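*Asks:* All I have is the shape, not the residue letters:
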């Protein structure tokens, strides 16, 4: 039997913010707007004066790094950490 520790939403947000501090500034800026401020990719592109493609690239790289930093074995917590939302 596998025991899975489920993080509460406040702990997840605290963990996300901690990990955001460990990624490069251009990726951090886009990721904070997406995961913390819940902005759309289009809104982020406009705010940062980037193309939608560059915005997606930064978010993809940020997600990859956050996933590596999290090292979470709890799939649902990792998913919420990566996407900032409950999509499950």
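*Replies:* Arrived safely, thanks for sending. Please read these numbers as outputs of a predicted model, since none were measured by experiment.
*Asks:* got the contact list for residue 55?
*Replies:* Applying C-beta atoms under 8 Å, 6 or more residues apart in numbering to residue 55 gives the contacts 30, 41, 44, 45, 48. All C-beta spots, glycine's among them, are computed from the backbone N, C-alpha and C.
*Asks:* Give me the buried subset of these.
*Replies:* Buried subset of the contacts of residue 55 (neighbour count, 16 or more other C-beta atoms under 10 Å): 30, 41, 44, 45.
*Asks:* tell me which residues in the lengthiest helix in the chain are buried?
*Replies:* With secondary structure taken from DSSP state H, the chain has its longest helix at helix 52-70. For helix 52-70, burial by neighbour count (16+ other C-beta under 10 Å) applies to 55, 58, 59, 61, 62, 63, 65, 66, 69, 70.
*Asks:* Please name every helix or strand in contact with whichever strand or helix holds residue 46.
*Replies:* Following DSSP states H and E, one finds residue 46 within helix 41-48. Secondary-structure packing of helix 41-48 (3 or more C-beta pairs under 8 Å, 6 or more residues apart in numbering; DSSP states H and E): helix 25-31, helix 52-70.
*Asks:* Same list (those helices) but as TSV, adding mean pLDDT and distance to residue 11.
*Replies:* Shown next, in TSV, are these (pLDDT from 0 to 100; distance: least, C-beta to C-beta, whole Å):
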stretch	mean pLDDT	distance to residue 11
helix 25-31	93	18
helix 52-70	89	12
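*Asks:* Any idea which of those gets closest to residue 18?
*Replies:* helix 52-70 (8.7 Å; C-beta to C-beta).
*Asks:* from the buried residues of helix 52-70, which single one is nearest residue 17?
*Replies:* Residue 17 lies nearest to residue 66 out of the buried residues of helix 52-70, by C-beta to C-beta, at 10.9 Å.
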